[in-house]
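K.L.:
Sharing a sequence plus its predicted fold:
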Amino acid sequence: MINSTQVSYFILTAYLDSGPLKYLYFMIILSLYMLIVISNVFLIVVICMNRSLHEPMYLFLCSLFVNELYGSTGLFPFLLLQILSDIHTVSKAFCFVQIFWLCSYGNVEFFNLAIMSYDRYLAICYPLQYNTRMSPHKIIILIAVPWLFSFLAIIVLVCLSGTLQLCGNIINNIYCGNYPIVKLACFDTRVNNIYGLIYTVISICIPLILILYTYLKILRVCFSGSKQTRQKAVSTCTPHLVSLLNFSFGCCFQILQSRFDVSRVPNVLRVFISLYFGILQPLLNPIMYGMQMSKIRNTCKQVLR
């Protein structure tokens, strides 16, 4: 048995023995990371530097793009090092740093998507009252609270997991996750499970309920409104819905992989499922919002020219 004082590192067993192909995988992952960084940074700069984009919707988008950079930075550099390495281990300290990094990224992402749906709800259902309801003070609160709450909630989560006595150090994934470490615990994990349930309800269920409520209201206005109202709703809500569905699928894949035995699933598919959470969302969002929102698209064209 391995007790908590002896566990100083974890072994990641989901990496493929790819031989010379690891250099090809390294270049693919590096190219994806560079594309994510360039596209998200470009849109952040475009929004910040153009006063015409200093509107609530675009400020919330800016927070979303910052979170994409934050989350991808917690995954890609580590992934690139592991691809080139022949021994796939990670220190206990860095493992918990990565758990904090990726969990807070996911938490902030859900809250950002919920706030953006609330913003669209006000813009479509209460257009005449939108500016008074979405005041600058309220915008600052809606941007700051998800980050502060997520950091505090994940600090507690990591502290609870960090005090567990572990009977193993093997993680069947390509990066660290909270629940795989909880499964390695030697003794009762009731406190971790209770807090994990409360955390899930607050950080996932409540935002999803808010999103569903706002979109039901938006659909109600669309069906009873004019053709112009429906076109406005479709143009502004389509990127958000695609982003929400994409991120929800990624989270579902992560939960299924960590909670259930997936040893019979082909290793290539397991690696894809693990990467889906951290790659598709930061890669898709700049493309979706940059292409679909005419104001951002036109401003980007002006900047590039």
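P.N.:
Looks like it arrived, so ask away.

K.L.:
pull the CA atoms of the host helix or strand of Gln82 into CSV?
P.N.:
For Gln82, the enclosing helix or strand under DSSP states H and E is helix 76-84. Output of helix 76-84 as CSV, limited to C-alpha atoms (Å, rounded to 0.1, in the frame of the first residue of the first chain):
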residue,chain,number,x,y,z
PHE,A,76,-1.3,22.6,-23.9
PRO,A,77,2.3,23.3,-22.6
PHE,A,78,2.0,20.3,-20.2
LEU,A,79,0.7,18.2,-23.1
LEU,A,80,3.5,19.2,-25.4
LEU,A,81,6.1,18.2,-22.7
GLN,A,82,4.4,14.9,-22.1
ILE,A,83,4.3,14.0,-25.8
LEU,A,84,8.1,14.4,-26.1
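
K.L.:
now for it, which elements pack on it?
P.N.:
In terms of contacts (3 or more C-beta pairs under 8 Å, 6 or more residues apart in numbering; DSSP states H and E), helix 76-84 is packed against helix 22-49. For every residue, glycine as well, the C-beta is placed using N, CA and C.

K.L.:
Could you tell me how far the helix it packs on lies from the centre of the chain?
P.N.:
For helix 22-49, the gap between its own C-alpha mean and the chain's C-alpha mean amounts to 16 Å (C-alpha atoms, centre = their mean, to the nearest Å).

K.L.:
between that helix and helix 76-84, how many degrees?
P.N.:
170 degrees (axes from the mean of the first three to the mean of the last three C-alpha atoms, to 10 degrees).

K.L.:
What is helix 22-49 packed up against?
P.N.:
Identification of packing neighbours for helix 22-49 by 3+ C-beta pairs under 8 Å, 6+ apart yields helix 56-73, helix 76-84, helix 267-292, helix 294-304.

K.L.:
for the record, mean pLDDT for that helix?
P.N.:
Helix 22-49 shows a mean pLDDT of 90.

K.L.:
Stretch 85-92 too?
P.N.:
Here the average pLDDT along stretch 85-92 is 86.

K.L.:
Over to stretch 237-254?
P.N.:
Here the average pLDDT along stretch 237-254 is 81.

K.L.:
in that stretch, what counts as buried?
P.N.:
In terms of neighbour count (16 or more other C-beta atoms under 10 Å), stretch 237-254 has its buried residues at 237, 239-244, 246-247, 250-251, 253-254.

K.L.:
what ranges of this protein fall below the confidence cut-off?
P.N.:
Counting by pLDDT under 70, the chain contains low-confidence ranges at 1-5, 18, 225, 229, 258-263, 265, 291-295, 303-305.

K.L.:
centroid residue for it?
P.N.:
Nearest to the geometric centre of the chain sits Gly106, at 3.6 Å (C-alpha atoms, centre = their mean).

K.L.:
For Ser135, see how far away that one is.
P.N.:
29 Å (C-beta to C-beta, to the nearest Å).

K.L.:
Out of the buried residues of stretch 237-254, which is nearest to Val182?
P.N.:
Gln254 (14.3 Å; C-beta to C-beta).

K.L.:
How far away from the center of its chain is stretch 234-241?
P.N.:
That offset, for stretch 234-241, works out to 19 Å (C-alpha atoms, centre = their mean).

K.L.:
that older thread, list just the nearest of the buried residues of stretch 237-254 to Pro56.
P.N.:
For the buried residues of stretch 237-254, the residue nearest Pro56 by C-beta to C-beta is His240; the value is 13.5 Å.

K.L.:
ok, now which ones touch that closest one?
P.N.:
Contacts for His240 (C-beta atoms under 8 Å, 6 or more residues apart in numbering) come out as Leu113, Met116, Ser117, Arg120.
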